[in-house]
Structures are given as structure tokens and as C-alpha cells.
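Engineer: After the sequence you'll find the predicted model.
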Amino acid sequence: MDRPTFKHLFTPAMLRGKTLRNRIVFGAHTANMAVEGLPTERHVAYYAERAIGGAAMVVVEPMPVHAAAVLTRGNFRHGDDAVIPHFRKVTEAIRGNGAVAIQQLYHVGQHGDADNSFHAGWSPSGLPSYHDSDGSHRMNEREIEETIDGFVQAARRCREAGFDGVEVWAAYHGLLDQFWTPWSNRRDDCWGGSLENRTRFSREVMARIRKACGEDFIVGLAVNDEPDVEVALGREALAEIVARHESEDLLDYVTCGSGSYFDFYKLMPTFLYPEKLGADLAATLKGALKHTLVTAESHIRTPENAESVLSEGRADLVSIVRGQIADPHLATKAREGRPEDIRGCLSCNQMCWGRRSRDYWISCLVNPSAGREWEWGGDRFVATSRKKRILVVGGGPAGLEAARVATERGHKVTLAEASSRLGGQFRLAGMQPRRAQILDLIDWYERQLTKLGVEIRYNSYMSAEDIEVERADEIILATGSLPPETGFQKALPQFDTLPGIEHGNVFSAEAVMAREARPGKRVIVLDEGGNWKGCGTAWKLAEDGHQVTLVTPDALVGKELQRTTADFPLRRALARLGVRFMTESVITQWSGHAATIVSLLDDGSSEIEADTLVFATANMAEDTLAGELAERGIAFTAIGDCVAARQAPYAIHEGRKIALGL
């Protein structure tokens, strides 16, 4: 089979006198890594890794331009030249590795966060925030001028720090977009009303940046596509606005994302959304602009996605953000004709947006070095000075990553897997609706281990005696976890087991997904985690024609998925399949054909008839083998769920960490 060549993706492009070595951008996103408002070595290594990996342009995370714009704990300092020498280290790392360095400048306007800023949100018309329950302050003339100057001074600092340009943020209904949009701009002065007046703010910002920073300084603009919200600007209206800026030579490129503060779920779209979401707006703008380069962004995960957007003429550049968080060497691997070696993003948002939403610095489920490049050296491994024979027991995510990285470093690795397939319970997650990217990741591991020469023993259950015979230099246990199958609920700690569980027809979510159970027509799913284990299993059952009632002690279904912006699209999918929700409730009795459901709010009870009861609760570490080895005095290291049942990112993290230390 012919290998893809990606001929459009690896054609150079010119941008304000700078040559982009290809069409791949590592777009702006809040990494949230600043310490006391200053970039650190963590930033330097994070961005350098993507430049080393082949990205043509790196857009550093947004700089708030004013006190009213501060949005996260890890934001950079606004209005302070002290950032310049620190940013110079970042720009030297990016440019020194062949990429163009840009910084995004932003102001969220009415959607500010007083928890971080301790400042009122400033906006054109004083409308409420869609970030929280606060209102905003209607800007007066002096404050408008102060904010424009904030953009200009931020751009000046970027120039002095060595950036090649800035990207002015107008996306997601930020401040510039609020001035553009009639719904949010209700002014009757020179800053509102006509298109001329509504675009005056952004045109002043960009014109003054051009004047302050010089003709060779790149000025970009970020916009977004929001076709599902009536009050948001449509594509044609945005095209008219961007073309107006182009006609005054105010911009060199425009980036097209998706979603907004009106619909935050599409801003960082999970696997619940189609791919290439930013391409439709990009195509509209490309048809309206004469010389401005158009960048398509949002859910463009792979080189194949990117090549299709470019080959169809829908954009000039593509921004692959989460794809290059997951594999910082995506561009190089694609250019070398080996896309099968790219570790694909899962579009899960679990550790990138999920950590950012909790005000931590971001990481990645599949790439635990993301955000730790300064500490772990990125995704490039230093060869060991002493080669060892390593035995890894267990082929789930922890064992797979340990085996891969240990072999990359030069060790001789044997991986023993008790079943006939790799992946462990992570494979079951990949069998839930729309989650097949997990199966792609497991296939990637199998390809990598085969290419590296790892000895994989399938159907190989290892006892302590078997392990002793191996005489490996290092033993790594990654034997995973098992569902308790007791019906224990954290909301009812007085009961170790569910009353009536002996009547049968009670299964774990894992048994259902592994097809070890045959659920009846009517199924109750008790979801204690508020995550994909229970919700995804309920979705699968409903999709297969079962009548599903989902019971949770939480106030809403998918509580833990709020941090990944997957919760509302998930609930909508479940509702459309007829899944019944019972929130803030527990199960106190099972008869074999009905469950007693009790409300945690008023202790009211109801009986729900069902053929099958499915539990999605916390697992217990499978540490039997660990105990046997300890009794024999055989040294080992346990990683992943056999230490404590957790989610996949922590297993992969521990797999890499142990392998780096061998």
C-alpha cells in the first residue's frame, strides 16, 4: 500500500516575509504554567518540543492585555516589562528549532473571572458573563482607550522578547467579538451601531500594533464559528468583518476555531463532535479574502485531516493543537512518511482541558511528558548505560507504556499478558460508542512494541513461581484492577454489600462491555463515578435496544465529565436514546427483578422493575501476585491499577516514569 505523501501539508508558505517550513501550526491554548505570572523552564521545554517536532509556527498561550482580562491562575503578567527576558528564552527555543514564534493577546470582556482577576469584567454594554454568574462593567471612552493601549503595549513586549508577531484574539465572543456583535454591542456612540463603528475597536488595536511594532511584524486574528447560536455572528458577517480589516492591511493571517462562551462544548470539541470543525468557516473566509492566510483550527487531529482541508482549498494553514500535545513529533513523522508512528490524540480532553479547567497546568492522557518536557526530556529518550532484562506483567496501559519506553531506552523487554489481546480494561472503554480512538491507541502500542522487538507473550498468566524462573533484572507488575462485585456504594458506607445481591442478575460495567453478561431488556445502571465507565456503558446498552435507567448519587449525570466539556453532549445523546435519569439517588435493595431507589434529598423511595442491575463503581487493585512475590522475597515494582484503581492517564504516567528510571 502506498504511503501518504501529504504534499500540500509540507509545502512552505510565506507570512510577512517569514518562511513557514510547512503548513502545520501549534495553535494558542492556555497551558496555565506561569509561576507568579512569568514563563518558566516548563514553558521553554514545552514549546521547544513542538518546534523540534516539526511545527512551522508556534502560537504561545494567550497574554492578558489588562487586569480585567486575567482568566487563570497561570496567566502571564499583564502590563509588566518584567516578562520580556523570560519570554526571550521561549522565543529563542522556538525560533532556534526552526519555527516562527507568535504570541496570542486576549481580553475576554464580559466573560471575565473575578476569582482570578479580582477585577470587574469590562465590556461594550455591561452584559452578564457566560463564564459565571457575574455581570460586567460598561466601558467608558477612557477605559476603551486604556484597553487599546493594553493590546499595543503587550505587542511591544512581544516584539522586544523576540516574537515574530502576535495573534489578536477576537474568538469565542471575547472582547473584540463583543464589539463586533450587535447583541452584545448596544452602544450609540462611535464604538457601536454601524459596522464601521462596531469594528472601530479592533481596527484601532491592530493599526496601532502595526505602527508600534513595524511593518515586518506579523499580526494575526483569531475568530470562531458558532452556527448554532442565533445571536452570534454568522460566517458571512464574519467574512465581511475580516475582509474589512484586510482592506486596511491590518492582518496577515486569520485563525478559525469553533464554539464560544455561548456554547463552550464546541470550543474544545471532544470525540462526541465531528472532526475538522473549523474548516467550514475557514473556507468561507478564504473565499472572501485576497492575500490573508487562513488557518483552520478545531478538531483537526491528524495529518490526514490536515491534508484533506488543504487539498480541498478550504484553508492555507492548519492548527493541530491537541494532536501535537499528544505527539509533539507529529509533523516530522508525517513528513517522513510514517504516520502510523504518530500517537493519536483521543479527543478526550481529560488532561489538557480537564486539568486546565481545574486551574492546573495541562498534560495529556496519552503523553505524560506533556508539561514535563523540562523534567523528562520530552518524547525523546536517553539510552541507558546499563542494559537490563525487564519482565512486564500485564498488557494494560501502564504495562504497555513501561514496555515501550524501557525498550526505547535499550533494555530487553518481555511483556506477559494473561489474555489474548493487549489493552486490559482500557480496551473495554474503547468499545463504548464513539470511543474507538482508544482502540487505535492500543493498536499503536502493538505496532510500536512489535517494531521495537518486544517479546509479547499472550495468554500467559504468570504465577510467582513463573516469574522467579524468568530471573529478570527488573520485574514490573501492571496487573490492573477488578470490580468488587459487592454492590457497595460510597453513599451507603454502612452496607458492605447490596441487600439482595444474592438474587443474581447483577453485573459490573466491565462484564457488560466484555460481553461476559447477558443483560435483560430492562437495565438499571448505578453510576457512582460520574464518568465514562457508567455513562458510556449506559449509552452502549441503550444503543443496543435496552431500556436503561441511570441512577447516580450525583446532582447530574456525567458530573466528572464537566471538566472535559463532554457532559452535556453526553446527556443529550442518552436522552435521545430514551435513557431515564434518577439523580441524587441510591439503590437500597435488589430483588432480582426490581430495585428500591431512595432519594438522597428527601428519603423518598420507589421501586423500579428491571431484569438486570449494572454497577459502575470504583475497582479494587488486583494485587494478589504482588503479595505472592513479596512473600517469596522477590523484588518488583507495581504500577497502575494494581497499586490503586484509577483512570488511564495515571497508569500511563507511572509506566513512563518507571521506565525512565530503569
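Structural biologist: Nice, thanks for sending it over.

Engineer: ok, and residue 257, which helix or strand is that part of?
Structural biologist: Using DSSP states H and E, residue 257 maps to strand 253-258.

Engineer: From the chain's centroid, how far away is that strand?
Structural biologist: Computed by Cα atoms, centre = their mean, to the nearest Å, the chain-centroid distance of strand 253-258 equals 19 Å.

Engineer: avg pLDDT for that strand?
Structural biologist: Averaged across strand 253-258, pLDDT comes to 97.

Engineer: buried ones in the next helix or strand after that strand?
Structural biologist: Downstream of strand 253-258, the next assigned helix or strand under DSSP H and E is helix 279-288. Residues 279-286, 288 are the ones in helix 279-288 that count as buried (16 or more other Cβ atoms under 10 Å). From N, CA and C alone the C-beta is placed, and that goes for glycine too.

Engineer: re earlier: helices or strands up against the strand holding residue 257?
Structural biologist: Under the contact criterion of 3 or more Cβ pairs under 8 Å, 6 or more residues apart in numbering; DSSP states H and E, strand 253-258 touches strand 218-225, helix 279-288, strand 293-296.

Engineer: Just put those in JSON lines and tack on distance to residue 31 and mean pLDDT.
Structural biologist: Output for the helices and strands packed on strand 253-258, formatted as JSON lines (distance: least, Cβ to Cβ, whole Å; pLDDT from 0 to 100):
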{"stretch": "strand 218-225", "distance to residue 31": "16", "mean pLDDT": "98"}
{"stretch": "helix 279-288", "distance to residue 31": "24", "mean pLDDT": "97"}
{"stretch": "strand 293-296", "distance to residue 31": "19", "mean pLDDT": "98"}
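
Engineer: tell me the angle of the helix or strand where residue 143 lies relative to strand 218-225?
Structural biologist: Assigned by DSSP H and E, residue 143 belongs to helix 141-161. Calculated by axes from the mean of the first three to the mean of the last three Cα atoms, to 10 degrees, helix 141-161 forms an angle of 120 degrees with strand 218-225.

Engineer: what about the strands in the stretch 351-500 of the chain?
Structural biologist: Remark: strands assigned in the stretch 351-500 of the chain by DSSP state E, counting those that start in this stretch are 389-393, 412-416, 455-457, 474-477, 481-482.

Engineer: quick revisit: average pLDDT across the helix holding residue 143?
Structural biologist: Across helix 141-161, the average pLDDT comes to 98.

Engineer: With just CA atoms, put that helix into PDB.
Structural biologist: Once non-C-alpha atoms are left out, helix 141-161 reads as follows in PDB (Å, rounded to 0.1, in the frame of the first residue of the first chain):
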ATOM      1  CA  GLU A 141     -14.200  56.200  26.500                       C
ATOM      2  CA  ARG A 142     -11.200  56.400  28.800                       C
ATOM      3  CA  GLU A 143     -11.400  52.700  29.500                       C
ATOM      4  CA  ILE A 144     -11.700  51.800  25.900                       C
ATOM      5  CA  GLU A 145      -8.500  53.800  25.200                       C
ATOM      6  CA  GLU A 146      -6.800  52.200  28.200                       C
ATOM      7  CA  THR A 147      -7.700  48.700  26.800                       C
ATOM      8  CA  ILE A 148      -6.500  49.500  23.300                       C
ATOM      9  CA  ASP A 149      -3.200  50.700  24.700                       C
ATOM     10  CA  GLY A 150      -3.000  47.400  26.700                       C
ATOM     11  CA  PHE A 151      -3.100  45.500  23.500                       C
ATOM     12  CA  VAL A 152      -0.400  47.700  21.900                       C
ATOM     13  CA  GLN A 153       1.900  47.600  24.900                       C
ATOM     14  CA  ALA A 154       1.500  43.800  25.100                       C
ATOM     15  CA  ALA A 155       2.500  43.600  21.400                       C
ATOM     16  CA  ARG A 156       5.500  45.800  22.100                       C
ATOM     17  CA  ARG A 157       6.700  43.500  24.800                       C
ATOM     18  CA  CYS A 158       6.300  40.500  22.400                       C
ATOM     19  CA  ARG A 159       8.400  42.300  19.800                       C
ATOM     20  CA  GLU A 160      11.100  43.000  22.400                       C
ATOM     21  CA  ALA A 161      11.000  39.400  23.600                       C
END
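
Engineer: From the chain's centre, how far out is it? Work that out for me.
Structural biologist: Relative to its parent chain, helix 141-161 has a centroid offset of 31 Å by Cα atoms, centre = their mean.

Engineer: Look up the closest residue to residue 615, ignoring the ones flanking it.
Structural biologist: Excluding the flanking residues, the one nearest residue 615 by Cβ to Cβ, 6 or more residues apart in numbering is residue 526, at 5.2 Å.

Engineer: before we move on, back to that, each with direction, which strands does the strand holding residue 257 pair with?
Structural biologist: Sheet pairing of strand 253-258 (DSSP bridges) gives strand 218-225 (parallel), strand 293-296 (parallel).

Engineer: what element comes up after the first one heading to the C-terminus?
Structural biologist: Using DSSP H and E, the helix or strand that follows strand 218-225 in sequence is helix 235-247.

Engineer: what's that following helix packed up against?
Structural biologist: Counting contacts by 3+ Cβ pairs under 8 Å, 6+ apart, helix 235-247 is packed against helix 195-198, helix 200-213, strand 218-225, helix 279-288.

Engineer: quick revisit: which two among the buried residues of helix 279-288 are spaced furthest apart?
Structural biologist: 279 and 288 (15.1 Å; Cβ to Cβ).

Engineer: Out of the buried residues of helix 279-288, the closest to residue 90 would be?
Structural biologist: Among the buried residues of helix 279-288, and counting by Cβ to Cβ, the member closest to residue 90 is residue 282, at 27.5 Å.

Engineer: right, and that closest one touches residue 315 too?
Structural biologist: Yes. With contact defined as Cβ atoms under 8 Å, residue 282 counts as touching residue 315 (4.1 Å).

Engineer: any shared contact partners between the two?
Structural biologist: Common contacts of residue 282 and residue 315 (Cβ atoms under 8 Å, 6 or more residues apart in numbering): 256, 294-296, 309.

Engineer: ok, how many other residues are close to the residue lying closest to residue 124 once chain neighbours are set aside?
Structural biologist: Among residues not flanking residue 124 along the chain, residue 185 sits closest, at 4.4 Å (Cβ to Cβ, 6+ apart). The number of residues packed near residue 185 is 20, by other Cβ atoms under 10 Å.

Engineer: Quickly find the element holding residue 185.
Structural biologist: Residue 185 is part of no helix or strand when elements are defined by DSSP H and E.

Engineer: For it, list the residues it contacts.
Structural biologist: Residue 185 is in contact with 124-125, 178-179, 191-192, 198, counting by Cβ under 8 Å, 6+ apart.

Engineer: What of residue 322?
Structural biologist: By Cβ under 8 Å, 6+ apart, residue 322 lies in contact with 268, 301, 345, 347, 352, 364.
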